[in-house]
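Asker: sequence? don't have it. structure:
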């Protein structure tokens, strides 16, 4: 699989996902919003961990460095 998320963005996604999970579990009292926010946080963690964002893929965006070509 091709990585389309840059290193800094991967770290930000993982950290934001962790913070989002903690904040959701602590601050959100009702079940449905809590579930939706936890699902979004898991997608952030997964895209940060694996380096692939499917929304970027659909839009043709990449924040990863392009591999250098050797002649």
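Answerer: Now that the structure is in, tell me what you want to look at. Since the model is a prediction, treat every value here as computed from it, not as a measurement.
Asker: now the helices: where do they sit in the protein?
Answerer: 7-27, 31-50, 54-59 (DSSP state H).
Asker: Ranked by average pLDDT, which of those falls at the bottom?
Answerer: Per-stretch mean pLDDT for these is lowest at helix 54-59 (a mean of 90).
Asker: just how off-centre is it within its chain?
Answerer: Distance of helix 54-59 from its chain centroid, counting by Cα atoms, centre = their mean, to the nearest Å, is 12 Å.
Asker: buried ones in it?
Answerer: Residues of helix 54-59 classed as buried by neighbour count (16 or more other Cβ atoms under 10 Å): residue 56. Placement of C-beta: from N, CA and C, glycine included.
Asker: who touches it?
Answerer: 4-5, 47, 62-63 (Cβ atoms under 8 Å, 6 or more residues apart in numbering).
Asker: Tabulate the residues you listed in TSV, adding columns for distance to residue 21.
Answerer: As requested, the contacts of helix 54-59 are exported to TSV (distance: Cβ to Cβ, whole Å):
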residue	distance to residue 21
4	24
5	19
47	14
62	27
63	23
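Asker: Looking at those, which one is closest to residue 18?
Answerer: Using Cβ to Cβ, residue 47 comes nearest to residue 18 of the contacts of helix 54-59, at 13.4 Å.
Asker: Which residues are in contact with the most centrally placed residue in the chain?
Answerer: Among the residues of the chain, the one closest to the centroid is residue 44, at 2.8 Å (Cα atoms, centre = their mean). By Cβ under 8 Å, 6+ apart, the residues touching residue 44 are 13-14, 16-17, 20.
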